[in-house]
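J.: Generate a structure from the sequence data that follows.
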Amino acid sequence: IKTSPAKFTYSGIGDLISKITAIYDWKLAYHQTGEAVNDFAVLISNNSVENLVNYSNKNINDMEFLRLVCGSLVMSGIAMEVSQSSRPSSGSEHLISHAYDKISKNPSLHGLQVGLATYCIAWLQNNSKFEIIKRVLEETGFFNYLEANKLNKEEFIEAVKYAPNIKENYYTILSEKGSIDKLVGFITEDAFIN
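T.: Next up is the predicted model:
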């Protein structure tokens, strides 16, 4: 893993940080539709991402950091097994990535798309961890990598619009009235994305 191209490590980081927005969406679904939430799976998923957030040396060439990322990704997989659902690890940010796969002429790696979508969704959720997500994506070099290997912005916006159609009866922040237009406005105007 250490000798693999950096894009794969960044993809893992993007997928891992998304647990923050996925858990938010799961709890939102509980409040809006009564969908059951498995608290033990939430705990596992939260712990997996907290390990990343709290680790001081976020250098992707550091073996201990790579071990932490890999172990945390495994734990998020275990959270899905415990809940028998993708909910602990996958929310609206994943819907955007899957939509981008369908729409884009040249899709990127799953985790790269998810990481960018996580940043955007955290803003839309008014997630208390938005600044933490932004900081982690900066500290790891994730955003620098995306700056050099851009996603197509117009296709990304189309993916945001299409995302709620990816999974039937799957309530997320994107299911809320006006959320799509609000998010498109953010993506269009946000200086950090641009």
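
J.: Run through the helices of the protein in chain order.
T.: Secondary structure of the chain (DSSP state H): helices at 6-17, 19-33, 39-54, 63-83, 92-103, 110-125, 130-139, 142-148, 153-162, 179-189.

J.: What confidence value was assigned to the closest residue to His110 other than its chain neighbours?
T.: Excluding its sequence neighbours, the residue lying closest to His110 (Cβ to Cβ, 6 or more residues apart in numbering) is Ser97, at 5.8 Å. No exception for glycine: its C-beta is placed from N, CA and C like everyone else's. The predicted local distance difference test score for Ser97 is 98.

J.: how much space between Ser97 and Arg67?
T.: Per Cβ to Cβ, to the nearest Å, Ser97 is found 25 Å from Arg67.

J.: Between these two, which is the more surrounded one?
T.: A side-by-side neighbour count of Ser97 and Arg67, using other Cβ atoms under 10 Å, places Ser97 first with 29 against 12.

J.: so what's Asn152 up against?
T.: Ser104, Lys105, Asn106 (Cβ atoms under 8 Å, 6 or more residues apart in numbering).

J.: Quick check: the second one touching Leu151?
T.: No: using Cβ atoms under 8 Å, Lys105 and Leu151 do not qualify as a contacting pair, with a distance of 11.4 Å.

J.: The two - which one has more neighbours?
T.: More neighbours surround Leu151 than the other of Lys105 and Leu151, with 19 against 6 (other Cβ under 10 Å).

J.: Since that was my last question, I'll sign off now.
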